[in-house]
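A.B. asks: Sequence and computational prediction follow.
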Amino acid sequence: MTVSEIRQAFFDYFESKGHKIVSSAPMVVKDDPTLMFINAGMNQFKDYFLGNTVPKDRRVANSQKCLRVSGKHNDLEEVGVDTYHHTMFEMLGNWSFGDYFKEEAVEWAWDLLTNVYKIDKNRLYVTVFEGDEKDGVPQDDESITIWKKYIAEDRIILASKKDNFWEMGEIGPCGPCTEIHVDLRSDEDRNKVDGRSLVNQDHPHVIEIWNNVFMQFNRKADRSLEPLPETHVDTGMGLERLAMTLQGKKSNYDTDLFQTLIQHMEKVSGAEYGKSEEVDIALRVIADHVRAIAFSIADGQLPSNTGAGYVIRRILRRAVRYGYQTLNLKEPFLADLSTVLVEIMGNPFTELEQQKELIHKVIIEEENSFLKTLGNGIQRFEKHLNSLQGEQKTVDGKFAFELLDTFGFPIDLTDLMARERGFSVDMEGFTENMKEQKDRSRSATAIETGDWVELIDDNVEEFVGYDNLTANVKIVKYRKVSQKKKEFYQVVFNLTPFYAEGGGQVGDTGYIENNEVKTSVFDTKKENNLIVHLMKELPPNVNANFKAVVSSAKRMASANNHSATHLLHHALRTVLGEHVEQKGSLVNADYLRFDFSHFSKVSDEELTQISAQISANIRANIPLEEKRNTPIEVAKEMGAMALFGEKYGDTVRVIKFGESVELCGGTHVQASGEIGLFIITQETAVASGVRRIEAITGEKAEAYYKKKAETLDTIALSLKNPKDIVKAVNDLQTKNTQFQKELEQLQKEKAKNIKSELKTAIKEENGIHILSSIVELDGASIKDILFQLKGEYDNFFGVLGGKTGDKCSLSIIASDNLVKEKNINAGNIIREVSKHIQGGGGGQAFFATAGGKNSSGLEKAIEEVLGKV
């Protein structure tokens, strides 16, 4: 069976058991502060387990795109080195939300594996939770009893909490699990060593293929457990491992999916898979990583220097490094490999096919950029080696870490380059710097949450903020949160007028009031489908009735910008073409930011057309047409676009301003005229194929024009109010350019005269032509003179102090042969003596400069320099 056939067989089986087959959620997470990427099949169903949302279907199954490279499931450095870890993987799963439980889950898992997939029963083992005395949870005898119907008792293995008790996080739903393991070794090896002894021992061919989690408990902040109101089933089976099993392979990378990618890379690189472990690792890394990169871009996450974007950039750079280092690929190769990926995975993942052009362009730009960075890193490495003196043969650990952190150099590449030159790397220093960075990262993202304190029973928190900015509310529950050494509270109301951050729009602020006591709400967010209000302190009486009040000024300004964003999106598609699609947005009270797909800079003429269309729509005062709870297919028929990387429910909210039709949950003006003025302030590139426009509206736009007018008035006054200000400014610039040229000519003449005088001051000592002096020249002119003299005199050594206004400089130059024969290093010398001029500097062995503010120290500095020659 191919990978596609295996996936379909899973769907067909569980559909026959009454399960709704649902699509994969986007891999990039947008509404969960605890998660950057989906890392398990259950993530999209988290709200059901937490009880925040009532599931429409009690039985579902799917194949979920997952990514594990950071946090608890950090597998990145293992990927490619072994044959079964991946960054991105597909997790086949079936779920029961308060419906069936252990009996059916075990029966169906066994039936599918042995009767549909035809896996040899004699190769299977199962593990069951042995119980945990500390948690007060007994051995899972129920699962053992069920398993005895299908498998010999000696193949049922008791396992610890570490392996067989699954938890969503530090707090939340959890429960015992039963895992199914398969022994893929040869009959000869199986006869020698019983597979039972190798289960959960990290053997590459005795592996877990299916985990059935039985959600029974809720883990509280004090680490105690309480029973859940309903029990659930959450199962996960890695498609890649299952394919390896069914295709009779010993490695995930030998399956049809990965072999297509590896064979392409064999043609590109000339390398051969299976001949060298080093080459095999590189090919596996590249084949794995291209999936994670392409799917992330298709789901809306571009490589960047922060957050989830940084993770994707790290993955991409790791793949490029292996190609560069091991396969000797000095030109981009991942972008073309992504095209091969689209061909083999575009069905069923249509987002790949629809976004293939963007994926290719983003990857190739990232590759070109990183290949340049690698070149710069190699230059930095060479400079570092040249700066080491005498018998010093160890590369500084901090420097090795900077190469990794800044240039993406793996430590093994730095170590290899060092050994090739007869050096070693301070691994202890490198490890210490690495640990410090990880500690800083953990500290910055660490969140501690207490248990919810529940005051009243209320299953649904209604949002009434589309129609009201105030509401009478009660506190349903609250909890304390600690983050970055600050404490605040998350508070849930029975209903709320506060808009929670989402769809690019920031959350509302405001306050709740009781008996004239106001308690501020500094932000509103959505967490696991709950609208949580962030408050620095709780009101004195949490059980009171409150009036919730949203900051109307901020809400109106945000609504202005959100509605303007819709008009901007429509104008972009009208002026630039229908290839334009939203790739990200930010809407707050101050400005709007809109990222969109487009493969060239938006010209000034196009920006003028876009602004004109938006302004015309604002003047037309187009009324808002809002349709809530619209079936998704009806919304699409109305012309609303579904964005890639977004997960929509069966019903959606449609926002329409004339021809602009969008699916949107944000807040908007009642008519476009309320937006007032619209001004584009900036148009820039975000990534290859992605542009960004920033704009302001309403009062901010009025203030912008007012400031521009005041600036223009000030300029006119300075120029004595000429009739034509533009002509007056251009004339002034022309005169300034002429004066600058004349000044530069005078500087050159002055430098020429000073050079002639300096030549008379050159002395020859022990065969070395030495120049030392202090001149009133800028650093650039001094550098020019020194290099001229270096070319005119053999064995030349010069040190010149420079004075310009209240600043001073020091420059040192040495002939190349003096650097080699006399071991002179101008860079090291300048660092030692620059203290005399209260400054600092550096450079290379043959030339270095320093700047300072104490010109009286120049003589002392020069004296010290000469003492080192």
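C.D. replies: Nice, thanks for sending it over.
A.B. asks: CA atoms for contacts and neighbours, from now on please.
C.D. replies: Fine.
A.B. asks: so where do the strands sit in the stretch 651-800 of the chain?
C.D. replies: Assigned by DSSP state E, counting those that start in this stretch, the stretch 651-800 of the chain shows strands spanning 651-657, 660-663, 678-687, 690-697, 763-765, 768-775, 796-804.
A.B. asks: what angle do the longest one and strand 690-697 make?
C.D. replies: Which is strand 678-687. Per axes from the mean of the first three to the mean of the last three Cα atoms, to 10 degrees, the angle that strand 678-687 makes with strand 690-697 is 160 degrees.
A.B. asks: quick one on the thing from earlier: any chance of the strands of the stretch 651-800 of the chain in CSV, with mean pLDDT, mean neighbour count and distance to residue 752 too?
C.D. replies: Below are those laid out as CSV (pLDDT from 0 to 100; neighbours: other Cα atoms under 10 Å; distance: least, Cα to Cα, whole Å):
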stretch, mean pLDDT, mean neighbour count, distance to residue 752
strand 651-657, 94, 21, 70
strand 660-663, 94, 21, 68
strand 678-687, 94, 17, 45
strand 690-697, 96, 22, 50
strand 763-765, 92, 12, 20
strand 768-775, 94, 18, 12
strand 796-804, 94, 23, 15
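A.B. asks: So for residue 79, which of these sits nearest?
C.D. replies: Evaluated over the strands of the stretch 651-800 of the chain, closeness to residue 79 peaks at strand 678-687, with 26.7 Å, by Cα to Cα.
A.B. asks: Output the contacting helices and strands for the closest one.
C.D. replies: helix 604-619, strand 690-697, helix 698-718 (3 or more Cα pairs under 8 Å, 6 or more residues apart in numbering; DSSP states H and E).
A.B. asks: cutoff 6 Å now
C.D. replies: Secondary-structure packing of strand 678-687 (3 or more Cα pairs under 6 Å, 6 or more residues apart in numbering; DSSP states H and E): strand 690-697.
A.B. asks: partner strands of the strand it packs on, parallel or antiparallel?
C.D. replies: Its sheet considered, strand 690-697 pairs with strand 592-597 (antiparallel), strand 678-687 (antiparallel) by DSSP bridges.
A.B. asks: if we can go back for a sec, so which of the strands of the stretch 651-800 of the chain comes closest to residue 734?
C.D. replies: Closest of the strands of the stretch 651-800 of the chain to residue 734 is strand 796-804, at 26.4 Å (criterion: Cα to Cα).
A.B. asks: What helices and strands are in contact with the next helix or strand after that closest one?
C.D. replies: As assigned by DSSP states H and E, the chain's next helix or strand after strand 796-804 is strand 807-814. Applying 3+ Cα pairs under 6 Å, 6+ apart, one finds that strand 807-814 contacts strand 796-804, strand 847-852.
A.B. asks: circling back to that earlier point, do you know which of the strands of the stretch 651-800 of the chain lies nearest residue 619?
C.D. replies: strand 678-687 (10.8 Å).
A.B. asks: can I get the CA coordinates of the closest one in PDB?
C.D. replies: C-alpha atoms of strand 678-687 as PDB (Å, rounded to 0.1, in the frame of the first residue of the first chain):
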ATOM      1  CA  PHE A 678      -7.200  57.000   4.900                       C
ATOM      2  CA  ILE A 679      -3.400  57.400   4.300                       C
ATOM      3  CA  ILE A 680      -0.900  54.800   3.300                       C
ATOM      4  CA  THR A 681       2.200  55.500   5.300                       C
ATOM      5  CA  GLN A 682       4.500  52.700   4.100                       C
ATOM      6  CA  GLU A 683       4.900  49.900   1.600                       C
ATOM      7  CA  THR A 684       7.600  47.400   2.200                       C
ATOM      8  CA  ALA A 685       8.700  43.800   1.500                       C
ATOM      9  CA  VAL A 686       8.100  41.100   4.200                       C
ATOM     10  CA  ALA A 687       9.500  38.100   2.300                       C
END
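A.B. asks: Nearest to residue 353 among the strands paired with strand 690-697 would be which one?
C.D. replies: Nearest of the strands paired with strand 690-697 (Cα to Cα): strand 592-597, 15.4 Å.
A.B. asks: Tell me, how many residues neighbour residue 462?
C.D. replies: Using other Cα atoms under 10 Å, the number of residues around residue 462 comes to 13.
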